[in-house]
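> coordinates only, sequence not included:
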């Protein structure tokens, strides 16, 4: 099922995809000593993503899904490398700073994508989009200047790097629109497996963490895949403007779950994070209003 028979279901399905993704930071926060097992996390999560997406493609296309790998081309390789970079830097970011800062960095992805499209695909950027980018940049700078705790600024830089990686993935799909999207994501998953395996072997680390951690690693990979499948199915029926706003479900939900006291994490964003985040949300809202007729690629639509 690569499309919805009832387009009216598109919005709730995209919201559901965002809710799935929003539990990612909460899952990471429940990993025991997450900062000590990032490579084991990346190995298991990447393997789960690779397997599940290929199973989904097999169910949709049969063995002909293997032809997607023949069509991947240079754009798919670039996109896979960009997405793998985003996945790797995400775990390092969220284990070195607050979930709010990592997620708000990712919220700036539409603007980074627009800039990369301008630089590499010669896509024009209107004055209104430049205004949105400027507002988001101010918000990001406020977050950066307000983080003086040990490793927090490092986590912020990695969060921005993760957003750039996701944007490279998006731009690669705009570069060649026939690039198989799910196959590109599967390639990113296997790149994570290869890179993490090499690091684990080089550092003589254990490939497997505790049973609890392994379960959480696999759960996060499953969450990513389920959200992606739902998002791809529904986003074809939603204009870019609405899709931009709906995608904020992941950011808002992710910050909410790790803050909600009774869920056990109780991670409260700092003042600068709240101010910077508000400016990023403001820029996204303004951005969504000015691209109502713009079918710019946002994610997997």
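Alright, I've got the coordinates. The shown structure was predicted, so the numbers you read here are calculated from the model rather than taken from an experiment.
> quick one: low-confidence ranges for the stretch 201-301 of the chain?
Low-confidence segments of the stretch 201-301 of the chain (pLDDT under 70): 235-236, 238-245, 247, 291-301.
> again, only this time at 50
Counting by pLDDT under 50, the stretch 201-301 of the chain contains low-confidence ranges at 293-301.
> in it, which spans are helices?
Assignment of helices within the stretch 201-301 of the chain using DSSP state H, counting those that start in this stretch yields the ranges 211-235, 240-246, 248-259, 271-290.
> Looking at those helices, spot the one closest to residue 22.
helix 248-259 (2.8 Å; C-beta to C-beta). C-beta: built from backbone N, CA, C; applies to glycine.
> Need the residues that contact the closest one.
14-15, 17-19, 21-26, 29, 98-100, 103-104, 106-107, 227, 263, 265-269, 277, 281, 284 (C-beta atoms under 8 Å, 6 or more residues apart in numbering).
> Kindly recompute the last result at 7 Å.
Outside helix 248-259, the residues that touch it by C-beta atoms under 7 Å, 6 or more residues apart in numbering are 15, 18-19, 21-26, 29, 99-100, 103-104, 106-107, 263, 265-269, 284.
> Phi first, then psi, for residue 266.
phi 50, psi 50 (degrees, to the nearest 10).
> no no, residue 71
According to degrees, to the nearest 10, residue 71 has phi -100, psi 10.
> Tell me, how many residues neighbour it?
Neighbourhood size, residue 71 [other C-beta atoms under 10 Å]: 12.
> which residue sits closest to it, ignoring its sequence neighbours?
residue 180 (5.9 Å; C-beta to C-beta, 6 or more residues apart in numbering).
> The one you found contacts residue 67, doesn't it?
No - using C-beta atoms under 7 Å, residue 180 is not in contact with residue 67, being 8.8 Å away.
> So which of these two has more stuff around it?
Neighbours were counted for residue 180 and for residue 67 using other C-beta under 10 Å; residue 180 has more, 22 against 11.
> Just list the residues touching the more buried one, thanks.
Contacts of residue 180 (C-beta under 7 Å, 6+ apart): 68, 71, 72, 76.
> Can you select the buried ones from those in PyMOL?
One line in PyMOL is enough to select the buried ones among these; burial here means 16 or more other C-beta atoms under 10 Å:
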select buried, resi 68+72+76
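> Now render the contacts of residue 180 as a markdown table, adding distance to residue 214 and secondary structure.
Formatted as a markdown table, the contacts of residue 180 follow (distance: C-beta to C-beta, whole Å; DSSP: H, G, I helix; E, B strand; the rest coil):
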| residue | distance to residue 214 | secondary structure |
| --- | --- | --- |
| 68 | 29 | helix |
| 71 | 34 | coil |
| 72 | 30 | coil |
| 76 | 29 | helix |
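> mind checking which helix or strand the spatially closest residue to residue 116 that is not a sequence neighbour is in?
Distances taken as C-beta to C-beta, 6+ apart put residue 171 closest to residue 116, at 4.7 Å, once the chain neighbours are dropped. Secondary structure assigned from DSSP states H and E places residue 171 in helix 152-175.
> From residue 230, how far out is residue 202?
Residue 202 sits 37 Å away from residue 230, taking C-beta to C-beta, to the nearest Å as the criterion.
> cool, and residue 203?
Residue 203 is 37 Å from residue 230, by C-beta to C-beta.
> now do residue 261
29 Å.
> quick one: which of these two has more around it?
residue 230 (21 against 9).
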